[in-house]
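Engineer: the following block contains a protein sequence and its predicted model.
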Amino acid sequence: MGALIVLVWGLGPFYWMTVTAFRDSDYTFDSTPWPTHVTLENFRNAFDTSRGNNFGKALINSMVIGAATTAIALLVGVLAAYALARLTFKGRYLVSGLILSASMFPVVVLVTPLFQLFTDIGWIGEYQAMIIPNISFVLPLTVYILAAFFAELPWELEEAARIDGATKLQAFRLVMLPLAAPAVFTTAILAFIAAVNEYLLARLLSSGATEPVTVAIARFSGNDPLALPYAAIMAAGTLVTVPLVIMVLLFQRRIISGLTAGGVKS
C-alpha cells in the first residue's frame, strides 16, 4: 500500500502532464483523467519559433551543459573520492565534511555574487557561466557516492596489482576503476539530471542563444500575450521528462546497485 501511494504521488503529475500534452489546447482544463481530444499540435507549437520560442536550440543547450558538467564532475569526483577513501592524510575528515557541506549551501545566496563575477569577466550568456556553478553543485554528490563505494572495495586487489608491478595509477585505472563502474554510472545519471534541471542560475546567467530547456519552457509565449500556452508547455515538459524517465527505468538495476554498493561489506 505504501509503495502504491509513493507511485501515485511521484507519477501522478507526470501522467497528467503527458495527458495534457496530447490534448487539444481548447480542452486544456478538461478534468477527464484519461486522454481525450488527442492531437499532436501542442508538440508542433512547442518547436514553433514564430512566437520567439526556440525549444529545439534549448534542448541542445541542455545536452551540452549537462554533458560537460557530468564529464568534469566525474573526472574530478572519481579522483577526489578515491583519495578520500583510500589515502591517509591529515585533515581527510575535514575535507570530507567541507565537501558534503557544500551540497547543503543554498543556491539563492550565490546568485548575486556569481552574477557580479561573471558580468565583470564577460561570461554572462556563455556556457561556462552555467557549467562551472553546476559542477560545484553536483561534485559533492559525486564524491559522496564514489567515496563510500571505494572505501568498501577490497584492498587486496590493489595490493595484488602493486605486487605484479603496477604503479598506484595503473592499479587505480586498471583494477579499481572498472570495479567502480556501477557507482560511476549511477553518479553520471544523477549528475546529468541535476544539471539539466537547474533553473535559478540558468535564468540569470544565460542568454537567448545559451538558455537551457528549463528557462526556455518558463518563458514560452503563445498567440495571446496575456495567456500562457499551457498545452505547449506541457508538451515541451513531456519531451524533456520522458527520455529521463525511460533512461532511469532501463537502468534502474544498475542505478540501485550503484547506490547500494559499498553499503554492506562482503
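Structural biologist: Cool, the structure landed.

Engineer: in the protein, where is pLDDT below threshold?
Structural biologist: 222-226, 254-266 (pLDDT under 70).

Engineer: grab the longest helix from it for me.
Structural biologist: For the chain, the helix with the greatest residue count under DSSP state H is helix 55-86.

Engineer: identify the residues contacting the very next helix or strand once past it?
Structural biologist: Going down the chain from helix 55-86, the next helix or strand is helix 92-102, by DSSP states H and E. Contact with helix 92-102 is made by 80, 84, 136, 139-140, 143-144, 147, as judged by C-beta atoms under 8 Å, 6 or more residues apart in numbering. C-beta: built from backbone N, CA, C; applies to glycine.

Engineer: at 10 Å what do you get?
Structural biologist: Residues outside helix 92-102 that contact it (C-beta atoms under 10 Å, 6 or more residues apart in numbering): 77, 80-81, 83-85, 89, 91, 136-137, 139-144, 147.

Engineer: wait, E159 sits on M176?
Structural biologist: No. Proximity of E159 to M176 does not meet the contact threshold set by C-beta atoms under 10 Å, at 11.3 Å.

Engineer: higher neighbour count, these two?
Structural biologist: M176 (20 against 12; other C-beta atoms under 10 Å).

Engineer: what sits against the more buried one?
Structural biologist: 78, 82, 85-86, 149-150, 153-154, 157-158, 161 are the contacts of M176 under C-beta under 10 Å, 6+ apart.

Engineer: got it, and T49?
Structural biologist: 55-57.

Engineer: could you turn the buried ones of the contacts of helix 92-102 into a PyMOL selection?
Structural biologist: A single PyMOL command selects the buried members of the contacts of helix 92-102 (16 or more other C-beta atoms under 10 Å):
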select buried, resi 77+80+81+83+84+85+136+137+139+140+141+142+143+144+147
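
Engineer: quick check: P182 vs F251, distance?
Structural biologist: Plainly put, P182 is 10 Å away from F251 if you go by C-beta to C-beta, to the nearest Å.

Engineer: and the nearest residue to L110 once chain neighbours are set aside, how many neighbours?
Structural biologist: Sequence neighbours aside, P133 is the residue nearest to L110 in space, at 7.0 Å (criterion: C-beta to C-beta, 6 or more residues apart in numbering). Neighbour count for P133, taken as other C-beta under 10 Å: 21.
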